[in-house]
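Engineer: One predicted model, sequence on top.
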Amino acid sequence: MTAAEIFDQGYRRFDGERAGIVSSVRSVVWYTTKSMLGIGRKGRHKVFPVIIAMIAFLPTVIIFGIVALFGDVSNGIRPDYYEFLGPSESFGFLIFAHFLYAVAVAPEAIVRDRRDGMVALYMSTPLTRWTYLIAKTVAVAGTMAIVVLGPALLLLLGYTIQGQGPDGFGDWFLVFAKLLLGGLIIVITYCGVSLGISSLTDRRAFASVAVLLVLLGGSIVAGTLVEELEMSSKYLVFDPLGSPFESAIRLFGDTSNGPAGAVSDLSVTVGVIGWILAGFGVLVGRYRKLSVI
Amino acid sequence: MSGSVGFVGAVRLTLRVVVRQLLTRGRALALVVLGAFLALLSFAVGSSDRVEDPIEDGVRLLDLAGFTLLVPVVALVFAAASLGDLREDRTLVYLWLRPIGRAPVVIGAWLGSIIISLPFTLPALVLSGVLLDAGSDVVVAAAAATCVGVVAYTAVFVLLGLLVRNAVIWGVGYVLMWEGLIAQFGAATARAAIRGYTRSILASITDVELNLGELSLMSGIAGALIITMTALVLAVVRLGAMEID
Amino acid sequence: MSNLPPPPSSPASQPPPPTADAVAVAGIAKPIEGPVMVEAAGVTKSFGNVVAVSDVTFQVGAGVTALLGPNGAGKSTLFRMLCGLTPPTRGTVRVLGRDARREKVVRGRIGLAPQQDALFDRLTAHEFVRFAGETHALSGAALDAAVAESLSHVELVDQTTKIVGSFSKGMRQRVKLAAALVNDPDVLILDEPLTGLDPVQRNRMIDLFHDLAERGKCILVSSHVLDEVARLGSNVLVISQGRLAASGDYRALRELMDDRPHRIRLRTDEPRRVAAALIERGVADSVEVASTAVVASTVDVDRFGREAAPIAVEHGAQLNELVPLDDDLESVFRYLVERRR
């Protein structure tokens, strides 16, 4: 017998069923969603999602309460569906839910992976950096849609059950489609800005501060230019907080009462598309250059 | 064999290491840009002939951009990290397991945060005050409110850094939720928000009416100092009671 | 200046014999020579439902004592409690008779090298160790001398420009050790101190620990690398699943483990004949036979020692060697730890 021997076991191939790229994406979406919402994590990770959900669904709960107590809601106090999508005059505080989500929760989706070196691990799976980013965007947009669209769709459902919803299937579907589209515009804009900025730093805290500064700072700058300096209200398209909501209102044929109401539909659309492109542009540009190993 | 370190010596040591650890080029650059932006905006408002009431509009701009955003964010970035980063990096042990009391460590971290935060806020706000071209009262008010704001916010955020992990995220939540939303509900809740006091200082020096900023100058300063002292005492208690990694 | 008991710095000032009686732990008597410097009494630490350390009692005096246990056994938690970094859920810990969590004077006489690879990354090695010295109230020429000496112990004297953030793991480990040594502590608590060091540096550190021990310092070193511990000294505290499994000299511990057979190797020219005779006489419980040796298992080592040679002679065999196989630390450790599982 020789003194030592290595038994070549060879590389053992995985012979089971391969679930494919769709399954990888689904898996990333699911675990990112869980991580952002604090599911399966300690209590402190759940605080922000819970606060955000409370703010977002508060007006819906109040309206449902009124409807349950007083039955028919008179037209005078009945809010329009789209008011629940964002910072309308009656429910301005809803912006805090969206804002808080973009600032405190969304950066979690991609920043931690880079800091912990998880991106390299993901890249060793069937995922490419682009399918990885798609999965992350779907996860962030999906959870954000619950916050942005949830209250409005719940209101529509509640009215419909009460028999006070839109007349006929055609109208109902139109309202539903507009809500969906309006909500998605808001979600995609905030999601793009938040992910774009988050891709620039490996520290979640700095990502949050930067998102806060861009969203709130952009809003303050645009507001000052138009309201204090009485410059053209077109500059309001530089407001990343207000412009997506303004475009959602436009879908319902309305405009907001402030100076933003004077901006043309085209400008509002260009402004929103600009923010979306800027956000996702930074995200894609950053990940194109990212060395993953 | 070593004895124990005196109070002032311990404050100085903590301050030195905190300043050294906090001041990174990235942070400095980002915050200088932020301050410059505010100054630029003030210049635009100050040089515009469309502004109806330069003092009122100028003070509102300072309140919104300076005291809702710049001062709390700069204080948060540095103060929450002062002891919070040491705790998360697990280097706090090098200050904790020493013949040093708890109070000088907290005071040192707080003073360090003030020393770094002021250069990123005071020049920007004083410059904004000047560029607004709305009289010396606005400049004095901006300077006074900045100093008081930095002193109070840094104390609160040093405490926050000792209370929670990811203190900056929680601090952002605090600035948005408490200072931005809940403190708007009424005079009573505004008393528990630093912004109520910085606003009062701005309003009382410039005679501009600001929502929930109706306290006198002295009450504004005293209120902020009470919050500061309370936060520092709690931070000392917390540092003594916490578990160190 | 503190009114703590003086460290046993020289034989001349050696205080009267043991202040503590022999302490029985896990059924093993372990007398302490000299004064008790570190003491844990009924110490338990729980994190929620997880009990990290359970009812641990021991006393340690001057010298090197190794805290030995597998990963996750509770070694670091025990060290953190000794330093006051975390309070015990139950029981008391004392260093030099004091509670380090409450009394800052005693913190000045502890040197801790924590397990984590955490330093002030923006300082140079020299600045970091100097900072450690200053936080221990050193100043002036005494500080300069202490910093230079600590850095020379770890061979980092020339590191005055590069920040520690750019150091390799081994260098960072040495910086940590230098900082722990700078105040010439009476009690040195070192959590996995040799991790990341190369063999030459390890030897140097082990020699340093022995030097310090001879000067009357109490040195507690945790490790899960048995070779390291065996070279650090024979005094061990074995911790497993949060409980103290044993304490004392590991060779003495092995002697006490009578409920498990000892393995002994005999080299002989007639292994088959000797093996058969050992079994026949009831001296060995089992045997393994190789071409020139027999490995026998026995619970009665004394009888085996007395009778093995005569048996070999009786059967005309030449006995070349008789070696106990598991008197080493590893067998002690495996036995104590596995018994707990």
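Structural biologist: Okay, I see it. Residues are numbered from 1 along each chain as shown, chains lettered A, B, ... in the order given.
Engineer: all contacts plus neighbour counts: C-alpha atoms, from now on.
Structural biologist: Noted.
Engineer: what residues does chain B put near chain C?
Structural biologist: Residues of chain B lying close to chain C by CA under 8 Å from any CA of the partner chain are B:1-5, B:10, B:13, B:20-21, B:89-91, B:93-95, B:97-101, B:242-245.
Engineer: how does it look with 7 Å?
Structural biologist: Contact residues (CA under 7 Å from any CA of the partner chain) of chain B with chain C: B:1-5, B:21, B:89-91, B:97-101, B:243-244.
Engineer: can you confirm C:Glu288 is in a helix?
Structural biologist: No - C:Glu288: not assigned to a helix; according to DSSP: H, G, I helix; E, B strand; the rest coil it is strand.
Engineer: check contacts around it.
Structural biologist: For C:Glu288, the contact set (CA atoms under 7 Å, 6 or more residues apart in numbering or on different chains) comprises C:Val294, C:Val295, C:Ala296.
Engineer: what pLDDT does it get?
Structural biologist: C:Glu288 is assigned a pLDDT of 90 by the prediction.
Engineer: Roughly how far does it sit from C:Ile311?
Structural biologist: 17 Å (CA to CA, to the nearest Å).
Engineer: Next: B:Arg25.
Structural biologist: Applying CA to CA, the value for B:Arg25 to C:Ile311 is 81 Å.
Engineer: again, but for B:Ala80
Structural biologist: In this view, B:Ala80 and C:Ile311 are 78 Å apart by CA to CA.
Engineer: So which of those two has more stuff around it?
Structural biologist: B:Ala80 (32 against 19; other CA atoms under 10 Å in any protein chain shown).
Engineer: wait, isn't that one in contact with B:Val168?
Structural biologist: Yes - here B:Ala80 reaches B:Val168: they are 6.1 Å apart, a contact under CA atoms under 7 Å.
Engineer: What values do phi and psi take at C:Gln241?
Structural biologist: Dihedral angles of C:Gln241 (phi, psi; degrees, to the nearest 10) stand at phi 50, psi 40.
Engineer: Excluding chain neighbours, give the residue nearest to it in space.
Structural biologist: Leaving aside its sequence neighbours, C:Gln241 sits nearest to C:Ala73 (CA to CA, 6 or more residues apart in numbering or on different chains; 4.6 Å).
Engineer: Check which helices and strands the one helix or strand A:Val111 maps to sits against.
Structural biologist: Per DSSP states H and E: A:Val111 is located in helix A:108-115. Applying 3 or more CA pairs under 7 Å, 6 or more residues apart in numbering or on different chains; DSSP states H and E, one finds that helix A:108-115 contacts helix A:20-37, helix A:204-223.
Engineer: contacts for stretch C:209-224?
Structural biologist: For stretch C:209-224, the external contacting residues (CA under 7 Å, 6+ apart) are C:7-10, C:37, C:61-71, C:75, C:186-192, C:229.
Engineer: Below-threshold pLDDT in the chain: ranges please.
Structural biologist: No chain specified, so I'll use chain A. For chain A, the stretches with pLDDT under 70 are A:1-12, A:71-78, A:87-90, A:292-293.
Engineer: not what I meant, chain C
Structural biologist: C:1-33, C:254-260, C:326-332, C:334-341.
Engineer: domains of it?
Structural biologist: For chain C, automatic domain parsing gives the domain ranges C:11-255, C:261-326.
Engineer: Look at the nearest residue to B:Glu88 once chain neighbours are set aside and say how many residues are nearby.
Structural biologist: In space, and not counting its chain neighbours, B:Glu88 is closest to B:Arg165: 7.0 Å by CA to CA, 6+ apart. Other residues near B:Arg165 come to 16 when the count uses other CA under 10 Å.
Engineer: B:Arg165 should be in a strand, yeah?
Structural biologist: No - according to three-state DSSP, B:Arg165 belongs to no strand; its state is coil.
Engineer: for residue 170, helix, strand, or coil?
Structural biologist: As the question left the chain open, I've gone with chain A. Following three-state DSSP, we place A:Gly170 in the helix state.
Engineer: wait, I meant chain B there
Structural biologist: Secondary structure assignment for B:Trp170 (three-state DSSP): helix.
Engineer: got a list of contacts for the helix or strand A:Gly65 falls within?
Structural biologist: Taking DSSP H and E as the criterion, A:Gly65 maps to helix A:47-70. With CA under 7 Å, 6+ apart as the test, helix A:47-70 has contacts from A:Leu37, A:Val73, A:Leu94, A:Ala97, A:Leu100, A:Tyr101, A:Val147, A:Pro151, A:Leu155.
Engineer: Over to stretch A:97-112?
Structural biologist: Contacts for stretch A:97-112 (CA under 7 Å, 6+ apart): A:32, A:36, A:52, A:55-56, A:136, A:140, A:148, A:190-191, A:194-195, A:198-199, A:202-204, A:207-208, A:211-212, B:169.
Engineer: Which entries within the residues you listed meet the buried criterion?
Structural biologist: Buried members of the contacts of stretch A:97-112, scored by 16 or more other CA atoms under 10 Å in any protein chain shown, are A:32, A:36, A:52, A:55-56, A:136, A:140, A:148, A:190-191, A:194-195, A:198-199, A:202-204, A:207-208, A:211-212, B:169.
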